[in-house]
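**Student:** Sharing a model that was predicted from the sequence below.
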Amino acid sequence: MKILVLNGPNLASLGRRQVEIYGKATLADIETAIRQRAQQLRCEVECVQSNHEGELIDQLERLGPGCDGVIVNPGALTHTSLALYDALLGCGKPVVEVHLSNLYKREEFRHRSVTAPAAVGVIMGLGPAGYLLALDYLAGQKS
Ligand code: DQA
């Protein structure tokens, strides 16, 4: 089983960016934790981050067919990107959307996710643990 982990704009700045909201863990810390959990679950992960909408879609097109599921944190594209929504829907794989912060505790423009309807579920507000919970879920979907 192989899971694609996609992180969108500004997530490479985790650990420095608004630490009061996103915490001190860097993206490298989060990806290390994901890889460790994946090893325990005996699944493979491919981690991709890009600040560019088209690049995320290109990577999804390229890597999606070889994957059994997708974990995505689209960053601010969550609230704007119909193109990413279409790509997630079109990949035909189970998608779990993850947000480090609880979007409902934040500005109103963050309350709407245009990408979430492409996901089987959304995990938010639990920090980096959300990625691990998403991985547990997807790894349990196929044996
Ligand atoms: C985020 C929430 C988004 O609103 C924001 O633009 C991000 C991070 C989160 O993980 O909480 O970049 O997706």
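**Tutor:** Happy to help now that I have it.

**Student:** check contacts around the closest residue to Tyr85 other than its chain neighbours.
**Tutor:** Among residues not flanking Tyr85 along the chain, Thr115 sits closest, at 4.8 Å (CB to CB, 6 or more residues apart in numbering). The way it works is simple: take the backbone N, C-alpha and C, and place the C-beta from them, glycine included. By CB atoms under 8 Å, 6 or more residues apart in numbering, Thr115 lies in contact with Val72, Pro74, Leu77, Thr78, Ser81, Leu84, Tyr85, Leu88, Glu97.

**Student:** show me the contacts for the nearest residue to the second one once chain neighbours are set aside.
**Tutor:** What it means is Pro74. Distances taken as CB to CB, 6+ apart place Gly8 nearest to Pro74, at 4.3 Å, with adjacent residues excluded. Gly8 is in contact with 49-51, 53, 56, 72-78, 84, counting by CB under 8 Å, 6+ apart.

**Student:** and which of the contacts of Thr115 is nearest the ligand?
**Tutor:** Using CB to the nearest ligand atom, Thr78 is the member of these that lies nearest the ligand, at 5.5 Å.
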